[in-house]
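Trainee: just to be clear, the model below is a prediction. Sequence and coordinates:
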Amino acid sequence: MNFDFSDDQKQLRDQARKFLAEKCSPKAVRAVLDGKAPYDRELWKGLAEMGFLGVAIPEEFGGAGAGHLELCVIAEEMGRALAPVPFSSTVYLAAEALLIAGSDAQKKKWLPKIASGEAIGTLALFEGKGNPSPKAIKLAAAGGTLSGVKKPVPDGAIADFAVVAARTGSSGRDGDVSLFLVDLKAGGVEAKSLTNIDPTRGQAELTFKNCKAEPLGASGEGWGVITQVLDRAAVLLAFEQVGGSDRALEMGRDYALDRIAFGRPIGSFQAVKHMLADMYVSATLARSNSYYGAWALSTNAGELPEAAAAARISATQAFQHCAKNNIQVHGGMGFTWEFDCHMYYRRANALALTLGSLSYWEDQLIDRMRKKNAA
Amino acid sequence: MNFDDTPQEAEFRAAARKWVEANAPKELEAELSKSSLGRIRLARHDMVEVGKAWQKKKAEGGWACLHWPKDYGGRGASAIEKVIWQQEEGVYGKLTQPFQIGEGMCGPTVMAWGSEEAKRRYLPKLASGEEIWCQLFSEPSAGSDVAGLRTRAEKKGDDWVVNGQKIWTSGAHYSDYGLLIARTDPNVPKHKGLTMFFLSMKSPGVEVRPIRQANGMQEFNEVYFTDVVIPDSQRLGAVGDGWNVSLTTLMNERMSIGARLATGVPEMFEFCANLMLEDGLAIDDPAVRSKLAGWAVRSNGLKYTSYRTMSALSKGERPGPENSIGKLVSGTMLQDIAAYAMDLQGAAGVLTGDAEETVQGQFQQMLLSSPSMRIAGGTDEILRNIIAERVLGLPGDIRVDKDVPYNKIPTKGRS
């Protein structure tokens, strides 16, 4: 049994951690939090130079051609550092959609630009309230143009292109949905930034008005691709959540060791210790579930749908749990803008909804487990 | 990243599988396979008797206590080979229950602290199941605070004379030997006045009384000692060093890697997939699905955590602390699952016995038994302390009795 990352992959993780410790300090994250920039351009450039943006993109499309396990270890560090860059939208959503459904020409056009940091991509899926569902797709495609509104679109205001889910049929089934590729700088799309609970990651409303779009993948097969993209992104995002959980736990632990009350470190009180021990339990379960997701993702195993849902649920719960109790351990100081606790709390709760809510993924997991049990 | 055996591991697994296939008591397979959430009852057989037969066969084939040195009845196998063996032994591993305390705790303590003579005399018979061992640590006034124990051992010539009472002793009624920690000096602080011994459970003055548990079953005992004589040659470690010796035992208790911890999740999933509620199957109900998903990921999380530990063992590395979460997670989960399953059964959820409405009272039994899972082998609270202190590095609690002579420590709260 070798249910662990390889030494090379661990080295890559260390390298990413070191790089981010230098280039993505809490101060850098705060610059975006305070609205000084929509994202950290310098960091984005640096990530491209390190080869992190294209780590899972094949060499023929300008990437490093490593693989998803390598992407997982980088994702963990991005989550730990709260990197204020459009990494997940560009790399987990847009690039993966292109890799799954893109034509050779489409891959050649966009993937090298993703790897080099020249293009930011995203997936325009949601149309207001609700979870991923083919029925919720109202944005219409007709004669090669799109009309309708998408929101929230992660990093939609800074993206150069978007993979857009649109309605091309009216049967009420999955086959009604097709995917399109839209160059957001070519006109026909209006982007509006939306305020959200985690200002270190942008959200936007995109309004398409007879916007020119090229099909991505076969017509009527969009929902199948979306499902695959969401499963892959669920695993990758789970690693961000695992990284964030670990950091929130460390912050709580460090504070509990430093802070003296009633004449002793608060970490010597069982009420505080037990809270931190429970955070460790959550973080450990999430890590193990995410490793299984990583295995399924990297081997393209039939278990991926179930593994992705489990990783997503476990990691969402862990990050929310660790981020919220990190504030609790810090007491009043944890509720100040000055302390970093709220940045993790914000990120944890934003990530919890990014690919659809916890209850959506719980539903998915049960369906997928039943399917497996029936088989 | 993969789940494959190395070539050596695969070879070992094939040999183990072949041996189990040829030697296991197949007539018991169906009964053992039935989930009993850690509790085994065989309809027509005595558990200890069939267990002894299986253990003996294993010992003859070289498959008993296989991570122990060959000289002491083992196989000299590696940690990962032991895990592979457990996987291949499968349901028949349940038959080893009477020997687990001996193999997991008493044996390693004798191995670490016993004389060469004692090791050669006792360990092979422990390994082959010929002699069963129990552990005599907990007392009515010393559970989590085991160092506060009161059982006295007093030196009389070359012997020790023991008086006192132990409790929660699994298997004392069928055990041949016991590992006993007793107070030899009450005038020094509590951790410093303890000494470890082993003794024959047939010694005059040893009385075993079964305890009737809250779930109605009798699996544990009280053991009374009245002027029990133990020769000094049966002392393990120095006089006054018993606490240190006990750490060997307790460390081994918590090192049980790949332990088969029941979570109740497979049973609950099947139950919900078949239970018809007013509006349809339980598993189609959003509230049920949410609970079920939460438990499933915790159960999976434990499974993959043990895989991570096994991977470290496979590489010959020391496993990380992640395995310490197992019992803490599964104990609460069993209790919660049982209560929720009964809630779904509605008013009929109170029924036990052969009631059709409650699937033979499976969850009812689980509900009544589950409190012990959160207490035995370290309470949830002690486990959290261990994680907080040993894994996260938080300071230990302030111990008001640490430097106080044992006989000056208050023994009663409200008076």
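Mentor: Done, it's in.
Trainee: who in the stretch 151-300 of chain B is up against chain A?
Mentor: B:269, B:273, B:283, B:286, B:289-290, B:292-294, B:296-298, B:300 (C-beta under 8 Å from any C-beta of the partner chain). Backbone N, C-alpha and C define where each C-beta goes, glycine included.
Trainee: can you redo those as TSV with secondary structure, distance to residue B:42 and neighbour count?
Mentor: Below are those laid out as TSV (DSSP: H, G, I helix; E, B strand; the rest coil; distance: C-beta to C-beta, whole Å; neighbours: other C-beta atoms under 10 Å in any protein chain shown):
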residue	secondary structure	distance to residue B:42	neighbour count
B:269	helix	26	20
B:273	helix	29	17
B:283	helix	32	20
B:286	helix	41	11
B:289	helix	36	20
B:290	helix	38	17
B:292	helix	31	25
B:293	helix	35	23
B:294	helix	34	18
B:296	helix	30	25
B:297	helix	34	28
B:298	helix	31	26
B:300	helix	31	24
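Trainee: of those residues, which pair is most distant in space?
Mentor: Of all pairs drawn from these, the widest gap by C-beta to C-beta lies between B:286 and B:300 and measures 20.8 Å.
Trainee: show me what from the stretch 101-250 of chain A comes close to chain B.
Mentor: By C-beta under 8 Å from any C-beta, the residues of the stretch 101-250 of chain A that approach chain B are residue A:249.
Trainee: ok, which stretches of the stretch 101-250 of chain A are strands?
Mentor: With DSSP state E, counting those that start in this stretch as the criterion, the stretch 101-250 of chain A has strands at A:121-124, A:140-142, A:145-154, A:161-167, A:177-183, A:189-194, A:203-212, A:214-216.
Trainee: distance from the chain centre to the third one, please.
Mentor: A distance of 19 Å separates the C-alpha centroid of strand A:145-154 from that of its chain, computed with C-alpha atoms, centre = their mean, to the nearest Å.
Trainee: quick one: buried residues of that strand?
Mentor: For strand A:145-154, burial by neighbour count (16 or more other C-beta atoms under 10 Å in any protein chain shown) applies to A:145-146, A:148-154.
Trainee: ok, the nearest residue to residue A:349 once chain neighbours are set aside - contacts?
Mentor: Spatially, and ignoring its direct neighbours in sequence, residue A:349 is nearest to residue A:197 (6.0 Å; C-beta to C-beta, 6 or more residues apart in numbering or on different chains). Contacts for residue A:197 (C-beta atoms under 8 Å, 6 or more residues apart in numbering or on different chains) come out as A:346, A:349-350.
Trainee: filter the residues you listed down to the ones in helices?
Mentor: Judged by DSSP state H, the contacts of residue A:197 include A:346, A:349-350 as members of helices.
Trainee: now chain A against chain B: closest residue?
Mentor: For chain A, the residue closest to chain B is residue A:285, as judged by C-beta to the nearest C-beta, at 3.1 Å.
Trainee: contacting residues around that residue?
Mentor: A:314, A:318, B:297-298, B:301-302, B:305, B:325, B:329.
Trainee: what's the answer for residue B:394, then?
Mentor: Residues in contact with residue B:394 (C-beta under 8 Å, 6+ apart) are A:253, A:256-257, A:265, A:267-268, A:272-273, A:276, B:388.
Trainee: look at the residue of chain A closest to chain B and give its secondary structure.
Mentor: With DSSP: H, G, I helix; E, B strand; the rest coil as the basis, residue A:285 sits in helix.
Trainee: quick one on the thing from earlier: scan the contacts of residue A:197 and report the most crowded one.
Mentor: Most neighbours among the contacts of residue A:197, by other C-beta atoms under 10 Å in any protein chain shown: residue A:346, with 19 neighbours.
Trainee: surely that residue touches residue A:248?
Mentor: No - shown here, residue A:346 and residue A:248 do not form a contact pair, counting by C-beta atoms under 8 Å, at 11.6 Å.
Trainee: my read is residue B:225 is in a strand, agree?
Mentor: Yes - using three-state DSSP, the assignment for residue B:225 is a strand.
Trainee: in chain B, what residue comes closest to chain A?
Mentor: Distances between chain B and chain A by C-beta to the nearest C-beta are smallest at residue B:301, namely 3.1 Å.
Trainee: which other helices and strands contact the strand or helix carrying residue B:135?
Mentor: Counting by DSSP states H and E, the element that carries residue B:135 is strand B:133-136. Packed against strand B:133-136 by the contact rule (3 or more C-beta pairs under 8 Å, 6 or more residues apart in numbering or on different chains; DSSP states H and E) you find helix B:100-101, strand B:177-183.
Trainee: partners of it, with directions?
Mentor: strand B:177-183 (parallel) (DSSP bridges).
Trainee: buried residues in stretch A:114-131?
Mentor: Within stretch A:114-131, the residues that count as buried by 16+ other C-beta under 10 Å are A:114-115, A:117, A:119-127.
Trainee: what do you get for stretch B:11-29?
Mentor: Within stretch B:11-29, the residues scored as buried using 16+ other C-beta under 10 Å are B:12-13, B:16-17, B:19-20, B:24, B:28.
Trainee: what is the distance between it and the centre of its chain?
Mentor: For stretch B:11-29 - counting by C-alpha atoms, centre = their mean - the centre lies 24 Å from the chain centre.
Trainee: returning to that earlier point: please report how far the nearest residue to the residue of chain A closest to chain B once chain neighbours are set aside lies from residue A:289.
Mentor: The spatially closest residue to residue A:285, leaving aside those adjacent along the chain, is residue B:301, at 3.1 Å (C-beta to C-beta, 6+ apart). As for residue B:301, its distance to residue A:289 is 5 Å (criterion: C-beta to C-beta, to the nearest Å).
Trainee: and if you look at residue A:156?
Mentor: Distance from residue A:156 to residue A:289, by C-beta to C-beta: 30 Å.
Trainee: what of residue A:254?
Mentor: For residue A:254, the distance to residue A:289 equals 26 Å [C-beta to C-beta].
Trainee: settle it for me: which of these two has more neighbours?
Mentor: Between residue A:254 and residue A:289, counted using other C-beta under 10 Å, the more crowded position is residue A:289 (33 against 14).
Trainee: with adjacent residues omitted, what lies nearest to the most far-flung residue of chain B relative to its centre?
Mentor: Going by C-alpha atoms, centre = their mean, the residue of chain B most distant from its centre is residue B:279, 42.4 Å out. Nearest non-adjacent residue to residue B:279, counting by C-beta to C-beta, 6+ apart: residue B:285, 7.1 Å away.
Trainee: return the helix or strand in chain B with minimum mean pLDDT.
Mentor: Least confident helix or strand of chain B, by mean pLDDT, DSSP states H and E, is helix B:242-254 with a mean of 80.
Trainee: mind giving me the packing neighbours of it?
Mentor: Checking 3+ C-beta pairs under 8 Å, 6+ apart, helix B:242-254 ends up next to helix B:107-113, strand B:177-183, strand B:194-200.
Trainee: try it again at 6 Å.
Mentor: Helix B:242-254 sits against helix B:107-113, strand B:194-200, with contacts defined as 3 or more C-beta pairs under 6 Å, 6 or more residues apart in numbering or on different chains; DSSP states H and E.
Trainee: least confident of those, on average?
Mentor: Mean pLDDT is lowest for helix B:107-113 out of the helices and strands packed on helix B:242-254, coming in at a mean of 95.
Trainee: quick one: contacts of it?
Mentor: Contacts with helix B:107-113, where a contact means C-beta atoms under 6 Å, 6 or more residues apart in numbering or on different chains, come from B:122-123, B:126, B:236-237, B:245, B:248-249, B:252.
Trainee: among the residues you listed, who's most crowded?
Mentor: residue B:126 (27 neighbours).
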